[in-house]
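*Asks:* Coordinates for the following, if possible.
(chains A and B)
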Amino acid sequence: MLSRAHIAGVLAFAAVAAVAPALPPWFVSLATIAFANALVVLGLIILWRAGLVPFGQALFYAAGAYAVALISRYTSWRDVFLLVAIGAAAAGLLAFLIGFLLARYRDIFFAMLSLALSMILYGILVKTESLGSTDGFNVEPGTFFGYRPRGAALNLALFWLVLALSAVAAFLISLYFRSVAGTLAVPVRDNEIRLEFLGVSVNRLIHLKLVISGILAGVGGALAALAVAHVDPNMSYWTTSGGFVFVTILAGAGSVAAAFVGSLVFELLRSIAVDLVPGTWQIILGSALLLTILFLPEGLGSLFQRLRRAPQQASPEKA
Amino acid sequence: MLTALAILTDGLVYAAYLFLVAVGLTLIFGVMKILNVTHGSFYAFGAYGAATAVGIYYDRGLPEAGGFLFMVLLAMAIGLVLGFVLERGVLRLVYGKDEVVIVLVTYAVFLMLEDVIVLIWGPRSYGAYQPMVAAGSIEIGDLVLSNYDILLVAIAALVALVSYWALKYTRYGRLLTVVIFNRETAAAFGVNVTVVYTVTFVIGAMLGALGGAVMAPKISVTLGIGVEVIVLAFAVVATGGMGSIEGALIGALIVGICRAAAVHLVPQLELFVIYAVMALVLIFRPYGLFSRAAPRKI
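*Replies:* Modelled structure (predicted):
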């Protein structure tokens, strides 16, 4: 099961975790958000491999975030592991229920219905006073099995938490991609009727993918809520979903690592652009997306794969 | 009784607005199979253009009636240029790609145009209330109606009628119908699909700009209006059936009346109801109210 890519991934995560205390605090915060979002993107990649693009993934993201925020507001539970688990469960349950409906849809209709559902949540959040209305509300700092860090130590602890969860998620999803259900994604995209004739229930396959991606988005949202210490309805707005789709396209569906690298590149690009050329960062992002679609349709991840594939293709000729 | 009447009139006005922003979107989708996120930018450019036009016109103290016309014309001219540049400059490069990928291309352009607006008009907001004030209002019983709102409904009705007539009874409209049904067969019979695409996209862009222009006097023209409107237009178009003009009309009416009812009866549900209607329709009719189900290809 453990391949060279897995070992490389573990080493990469361990290396980042080890150097984290030496990194500038702004980078730690940025990377925390980037990796939390990368989990959402990982979920989108699962769907994108089957040809599905949800324009409302922020629904599950916001569900995870609000679950954490509400628990921390109305109860005395502060343990981050518990909170993230609740966020994941809430989003996963929501995805499971919605999946009965959404799994029947394809193409643009899938995108639109998912958009509508996320906008329903947005509408509810904006208009409900007890959920904080448009302002949202703050999230209490979390504890780690009784350890209560504050300030920079809290940021660092959260970063390690995000890294650990990312590593686990990346490992599990890479296993999923090699499983039967995972490898059937491409046939679903190419021709699902043939797949049905072979005795596979495509709807159930997509339902499973939806639940997995929902859980990932819930974890991402829960982590983002803890990292930012605030939730607001914009987490469920369509532009948030659009951002996730953006990173998915930027990263490409080729590999698990692409989600993390892509998300980090996106956040860096955004903060650098906002810093250097305020007021034009959307032009830069838009051009990046456009150029990616035109010249790198498989995403940034395909660059690595090309590099890796090149020597392998050369070897049979030698033999 | 008064509430019922208010719901009906408010609903109609809101429906007129929704129809105006949705008709261009549905036209482009019907012909080109492109779900055009950039439509929000057309709307925003139309509104900003109209605000500029109002600023220029009313400062000179020219006759009031002409101001509205000048505003609409300038906005539609902007829509024409923008639509043409986009279709020829960007979309031409991606025809034949996956539908969802083209959505993302228009999303990328939409992001860029959001900043182009800031570069041209700056971050401040504009008012263009003069035509609305000039139009005045009338009283029917206890109900006060703005003449401008009535004009808005009339414009929406006119656009609906003209597009219906143009599609059914003009040569170009019939060519469009042919392309909608089957692009390849149309091309095989000598229809110049490239030109049809360009013209359709430009008309769609002008309609989007028109929507922005006529709404400009009613709203504060500010950053982010395109973001809001595009998702509303999506809801209407998806409810009615993507690519269908009568669908956009019925979708706008249903969503408009439902929202007005929510605003008057349970204000908390205002935003919720729009998307709930859409989700409800999609549950029972996945392709919207007025849309042919696509045949499955093996």
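*Asks:* going forward, measure contacts between C-alpha atoms and count neighbours the same way
*Replies:* Will do.
*Asks:* gap between the closest residue in space to residue A:262 that isn't next to it in sequence and residue B:37?
*Replies:* Residue nearest to residue A:262 in three dimensions, not counting chain neighbours: residue A:251, with 4.6 Å by C-alpha to C-alpha, 6 or more residues apart in numbering or on different chains. Computed as C-alpha to C-alpha, to the nearest Å, the residue A:251 to residue B:37 distance reads 21 Å.
*Asks:* same question, residue A:154
*Replies:* Where residue B:37 is concerned, residue A:154 sits at a distance of 40 Å (C-alpha to C-alpha).
*Asks:* what about the two, which has more around it?
*Replies:* Using other C-alpha atoms under 10 Å in any protein chain shown, the more surrounded residue of residue A:154 and residue B:37 is residue B:37, with 25 against 18.
*Asks:* My read is that the more buried one contacts residue B:112, right?
*Replies:* No - using C-alpha atoms under 8 Å, residue B:37 and residue B:112 do not qualify as a contacting pair, with a distance of 11.8 Å.
*Asks:* Quick check: residues of chain A near chain B?
*Replies:* By C-alpha under 8 Å from any C-alpha of the partner chain, the residues of chain A that approach chain B are A:53, A:101, A:105, A:107-109, A:112-113, A:116-117, A:119-124, A:127-128, A:191, A:193-194, A:238-239, A:246, A:279-287, A:289-290, A:293-294.
*Asks:* Can you flag the buried ones in those residues?
*Replies:* In the residues of chain A next to chain B, burial by neighbour count holds for A:53, A:101, A:105, A:108-109, A:112-113, A:116-117, A:119-124, A:127, A:193, A:238-239, A:246, A:279-287, A:289-290, A:293, counting by 16 or more other C-alpha atoms under 10 Å in any protein chain shown.
*Asks:* Which of those fall within helices?
*Replies:* A:101, A:108-109, A:112-113, A:116-117, A:119-124, A:127, A:193, A:238-239, A:246, A:281-287, A:289-290, A:293 (DSSP state H).
*Asks:* who's in contact with residue A:287?
*Replies:* B:108-109, B:112 (C-alpha atoms under 8 Å, 6 or more residues apart in numbering or on different chains).
*Asks:* Got the confidence number for it?
*Replies:* pLDDT, residue A:287: 87.
*Asks:* can you check residue A:170 too?
*Replies:* 86.
*Asks:* what do you get for the one 5 residues further on?
*Replies:* Residue A:175 is assigned 84 on the pLDDT scale.
*Asks:* secondary structure element for it?
*Replies:* helix A:152-178 (DSSP states H and E).
*Asks:* looking just at contacts, which helices and strands does that helix meet?
*Replies:* When contacts are defined as 3 or more C-alpha pairs under 8 Å, 6 or more residues apart in numbering or on different chains; DSSP states H and E, helix A:152-178 sits against helix A:4-19, helix A:25-49, helix A:202-228, helix A:256-276.
*Asks:* okay if I get these as TSV plus mean neighbour count and mean pLDDT?
*Replies:* Putting the helices and strands packed on helix A:152-178 into TSV (neighbours: other C-alpha atoms under 10 Å in any protein chain shown; pLDDT from 0 to 100) gives the following:
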stretch	mean neighbour count	mean pLDDT
helix A:4-19	13	81
helix A:25-49	24	89
helix A:202-228	26	91
helix A:256-276	19	85
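*Asks:* got those helices as CSV, with distance to residue B:151 columns?
*Replies:* Shown next, in CSV, are the helices and strands packed on helix A:152-178 (distance: least, C-alpha to C-alpha, whole Å):
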stretch, distance to residue B:151
helix A:4-19, 62
helix A:25-49, 45
helix A:202-228, 46
helix A:256-276, 42
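*Asks:* closest to residue B:264 out of those?
*Replies:* With C-alpha to C-alpha as the criterion, residue B:264 lies closest to helix A:202-228 of the helices and strands packed on helix A:152-178, at 34.5 Å.
*Asks:* Name the nearest residue to residue B:84, sequence neighbours excluded.
*Replies:* residue B:202 (5.6 Å).
*Asks:* which ones are touching the one you found?
*Replies:* By C-alpha under 8 Å, 6+ apart, residue B:202 lies in contact with B:79-84, B:87.
*Asks:* ok, which stretches of the stretch 1-150 of chain B are strands?
*Replies:* Assigned by DSSP state E, counting those that start in this stretch, the stretch 1-150 of chain B shows strands spanning B:137-140, B:143-146.
*Asks:* so can I have a markdown table of the contacts of residue B:202 showing neighbour count, distance to residue B:23 and pLDDT?
*Replies:* Converted to a markdown table, those look like this (neighbours: other C-alpha atoms under 10 Å in any protein chain shown; distance: C-alpha to C-alpha, whole Å; pLDDT from 0 to 100):
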| residue | neighbour count | distance to residue B:23 | pLDDT |
| --- | --- | --- | --- |
| B:79 | 28 | 14 | 91 |
| B:80 | 21 | 16 | 93 |
| B:81 | 13 | 19 | 93 |
| B:82 | 19 | 17 | 93 |
| B:83 | 26 | 15 | 92 |
| B:84 | 19 | 18 | 93 |
| B:87 | 17 | 18 | 90 |
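*Asks:* Out of those residues, name the ones that lie in helices.
*Replies:* Among the contacts of residue B:202, DSSP H puts B:79-84 in helices.
*Asks:* how far does the helix holding residue A:175 sit from the chain's center?
*Replies:* 11 Å (C-alpha atoms, centre = their mean, to the nearest Å).
*Asks:* One more: stretch A:8-24?
*Replies:* Offset of stretch A:8-24 from its chain centre (C-alpha atoms, centre = their mean): 20 Å.
*Asks:* which residues touch it?
*Replies:* In contact with stretch A:8-24 (C-alpha under 8 Å, 6+ apart) are residues A:28, A:156, A:160, A:163-164, A:167, A:257.
*Asks:* give me the number of residues near residue A:180?
*Replies:* For residue A:180, the count of nearby residues is 9 (other C-alpha under 10 Å).
*Asks:* How about the contacts made by residue 245?
*Replies:* Reading this off chain A. Residues in contact with residue A:245, defined by C-alpha under 8 Å, 6+ apart, are A:41, A:44, A:53-55.
*Asks:* you looked at the wrong chain, it should be chain B
*Replies:* Contacts of residue B:245 (C-alpha under 8 Å, 6+ apart): B:23, B:26-27, B:160, B:163-164.
*Asks:* hmm, which two among those are most spread apart?
*Replies:* Maximum pairwise distance among those (C-alpha to C-alpha): 13.1 Å, between B:26 and B:164.
*Asks:* So which of the two has more stuff around it?
*Replies:* Higher neighbour count among residue B:26 and residue B:164: residue B:26, with 31 against 15, using other C-alpha under 10 Å.
*Asks:* Quick check: the closest residue to the more buried one other than its chain neighbours vs residue B:290, distance?
*Replies:* Excluding its sequence neighbours, the residue lying closest to residue B:26 (C-alpha to C-alpha, 6+ apart) is residue B:243, at 4.4 Å. Remark: distance between residue B:243 and residue B:290 (C-alpha to C-alpha) = 9 Å.
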